[in-house]
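Asker: Structure for this input, please:
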Amino acid sequence: IFKFLGAISVDLGQDRIKPYLPMILTPLYRELNSNYAEQDPTLKNLSQEIIELLKKLVGLEAFSLAFSSVQKKANKKRAMRKKQRALQAVANPDIAARRKLKRHKNKAETRKRKIESLRPTYKAKRQRNNALKDLAIVE
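Answerer: Below you'll find the predicted structure:
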């Protein structure tokens, strides 16, 4: 898709690409700023190359305006999600408690996995999955 976006922008040219610049930059920006573990470095390099191509194509000023609008939009969306999570914790404390328990459980499992990888002779006790206990509402 990134190659397609680059090809379309070169094909359209400087004047006709400007209205579509924020839409083109959105996935590129998302890929550049992502920090998940299984990230593909070739995809990140490709998005960087296409951003450089767009800079040369439309000029630095127009590119900067579009890029900053995409950044603002992404930051606003991120802040909105964070606010929604905080509001949900107040509005639905049982859901928030379940989420917190799940997070702590995953953290403990990760810690055990890490210890086992560092010391192969050590075997951590694994908690059995009790489906009924997991479904119980914590007060």
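
Asker: How is the residue of the chain positioned farthest from its centre assigned, secondary-structure-wise?
Answerer: Note on the chain: the largest C-alpha distance from the chain mean falls to Thr121, namely 36.1 Å (C-alpha atoms, centre = their mean). For Thr121, the assignment made with DSSP: H, G, I helix; E, B strand; the rest coil gives coil.

Asker: Now it: phi and psi?
Answerer: With angles defined as degrees, to the nearest 10, Thr121 sits at phi -80, psi -20.

Asker: And for Gly59?
Answerer: Torsion angles, degrees, to the nearest 10, at Gly59: phi 100, psi 160.

Asker: burial measure for it, as a count.
Answerer: 12 (other C-beta atoms under 10 Å). Every C-beta, even on glycine, is put in place using the N, C-alpha and C of the backbone.

Asker: Could you report the pLDDT at the residue nearest the centre of the chain?
Answerer: Relative to the mean C-alpha position of the chain, the nearest C-alpha, by C-alpha atoms, centre = their mean, is the one of Ser34, at 4.9 Å. You'll see Ser34 listed with a pLDDT of 83.

Asker: What's the local residue count around the nearest residue to Phe63 once chain neighbours are set aside?
Answerer: Nearest non-adjacent residue to Phe63, counting by C-beta to C-beta, 6 or more residues apart in numbering: Lys55, 4.8 Å away. Other residues lying near Lys55 total 14 when counted by other C-beta under 10 Å.

Asker: Lys55 sits in which helix or strand?
Answerer: Per DSSP states H and E, Lys55 falls inside helix 41-58.
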